[in-house]
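1. Let me see the structure of the following:
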Amino acid sequence: MRARSAALQGAIAAGALALAAATWLRAPEPDTPGRVVIAELPRGSVQSVVWDDGSHRVEVERVAQGQPDVWVRIARSPSLLQPDAGVDAGSRAALAPDAGAHADAGARGDGGPSALEVAPPAPDRELRGNEVAEKVLDQFSPFTAARPLGVPDTAKLRELGLDSGLRRLDVWTQARHLSFEVSTPVGTGASYVRTEDGRVYVLGGTVVQDLAAAASRLVDRRVHAFRPEDADRVVVRLGTQSRTLVQKRVGGTAKIFNDVRTETPDAYAQGWVERLNKVVPTDVLGRGEVPAEGEPRVELRVDFLRGSQALGFVEFARAQSGWFARSEHSVGWMRVVGRAEGLLHDAERLVSPP
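-> Numbering: from 1, shown residues only. Alright, predicted model coming up:
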């Protein structure tokens, strides 16, 4: 009976703790009068947000009218130092994933390889931002929190992970620049932000997670900004051969025909175009970036037209490390896997004379 009673009390206590944590960390609704405002910034006024976690730097910027809405720049953090550059540099160098796996580690007289020798950083990239990136900027106007914690003492700051100054968040408007220190202690499921005057808040939402994982969460991976089914012609070019396919709507569905006079869709061409439109990049390279082995060789190009208007295009190119694509919407090359080689192979039959 005592064991059962103790188990019941333990379950009740655990439930109470979970409820308290949910209440503590729950973000208020954006329009709730009782929300906690960290910075009262006018809606739409935030021009850029910069995140630096000591390893990489992410900038999300709203650009001038008439250009793509948001750009995301991902770069190596300026604070990522050589291991022998200071006491704090050692902990930052440890962020390199294989820091102890270098072939000549321990055999050098200068203390071993640097973090750059062990794990070269990813190249700096300038990328087109997606809808999530746009929402990230909007979350700072106004900048709100789930709960205020006042001005904690040194011991509490250490407990919250706000004593290292490793993670920084900067918010820019045309008139203001705000700087914050941020922490996400392991196991807490929460993010904390400290203002320049020492006040600490519990953040709600996912803005910190979005910035920390910018390469996967904030990058626009669309091949086209238009809808391929809106085209009335699809021109396939493979080497010196080409073929123009006609696209018409039948019962509200886009179908591919050999020409405008044909009344029966071409099943083979239809399947090929559907596979083409389902290609999704696995990695997006930055503006002006090429694969490490050099410029890929274009082997297949497809143009989408409507009347006299060119809607867009997509090119597929081969490099030693695999297949890449670029389009009218991409800022450069995008790595693709799985479909490109099959599309190229089947395009040979598609463009061959009957």
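2. Please make it C-alpha for all contacts and neighbour counts, starting now.
-> Noted.
3. Outline the domain layout of the chain.
-> According to automatic domain parsing, the chain comprises the domains 36-80+121-217, 228-351.
4. can I get those domains in a markdown table with mean pLDDT?
-> What follows is these, written out as a markdown table (pLDDT from 0 to 100):
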| stretch | mean pLDDT |
| --- | --- |
| domain 36-80+121-217 | 90 |
| domain 228-351 | 94 |
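5. Now those in a markdown table, please, with extra columns for mean neighbour count.
-> Shown next, in a markdown table, are these (neighbours: other Cα atoms under 10 Å):
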| stretch | mean neighbour count |
| --- | --- |
| domain 36-80+121-217 | 18 |
| domain 228-351 | 17 |
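6. Any chance of the backbone angles for the closest residue to residue 344 other than its chain neighbours?
-> Nearest non-adjacent residue to residue 344, counting by Cα to Cα, 6 or more residues apart in numbering: residue 300, 6.8 Å away. Backbone torsions for residue 300, taken as degrees, to the nearest 10, come to phi -140, psi 140.
7. which residues touch residue 300?
-> Counting by Cα atoms under 8 Å, 6 or more residues apart in numbering, residue 300 touches 236-239, 315-317, 344.
8. Residue 218 now?
-> The contact partners of residue 218, by Cα under 8 Å, 6+ apart, come to 72, 129-133, 210-211.
9. So which of the residues you listed are in helices?
-> Of those, the ones assigned to helices by DSSP state H are 131-133, 210-211.
10. would you turn those residues into TSV with distance to residue 153?
-> Below are these laid out as TSV (distance: Cα to Cα, whole Å):
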residue	distance to residue 153
131	39
132	35
133	35
210	29
211	28
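11. nearest to residue 161, of those residues?
-> Minimum distance to residue 161 across the ones in helices among the contacts of residue 218 is 18.2 Å, recorded for residue 211 (Cα to Cα).
12. Test my guess that the closest one contacts residue 51.
-> Yes: judged on Cα atoms under 8 Å, residue 211 makes contact with residue 51 at a distance of 6.6 Å.
13. shared neighbours, the two?
-> Contact criterion Cα under 8 Å, 6+ apart; residues shared by residue 211 and residue 51: residue 58.
14. quick one on the thing from earlier: and the furthest pair within the contacts of residue 300?
-> Across the contacts of residue 300 (Cα to Cα), the longest gap, 14.3 Å, separates 236 and 317.
15. Put together JSON lines for the contacts of residue 300, with secondary structure and distance to residue 215 on each row.
-> Shown next, in JSON lines, are the contacts of residue 300 (DSSP: H, G, I helix; E, B strand; the rest coil; distance: Cα to Cα, whole Å):
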{"residue": "236", "secondary structure": "strand", "distance to residue 215": "32"}
{"residue": "237", "secondary structure": "strand", "distance to residue 215": "32"}
{"residue": "238", "secondary structure": "strand", "distance to residue 215": "32"}
{"residue": "239", "secondary structure": "coil", "distance to residue 215": "34"}
{"residue": "315", "secondary structure": "strand", "distance to residue 215": "23"}
{"residue": "316", "secondary structure": "strand", "distance to residue 215": "22"}
{"residue": "317", "secondary structure": "strand", "distance to residue 215": "23"}
{"residue": "344", "secondary structure": "helix", "distance to residue 215": "29"}
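16. Which single one of the residues you listed is nearest to residue 309?
-> Nearest to residue 309 out of the contacts of residue 300 is residue 236 (Cα to Cα; 16.5 Å).
17. Return the set of residues that bridge with that closest one.
-> residue 243, residue 302 (DSSP bridges).
18. can you pull the contacts of it?
-> 242-245, 300-303, 347, 351.
19. now residue 185
-> Taking Cα under 8 Å, 6+ apart, one finds 160-161, 191 in contact with residue 185.
20. what does residue 44 give?
-> Applying Cα under 8 Å, 6+ apart, we find residue 44 in contact with 137-138, 141.
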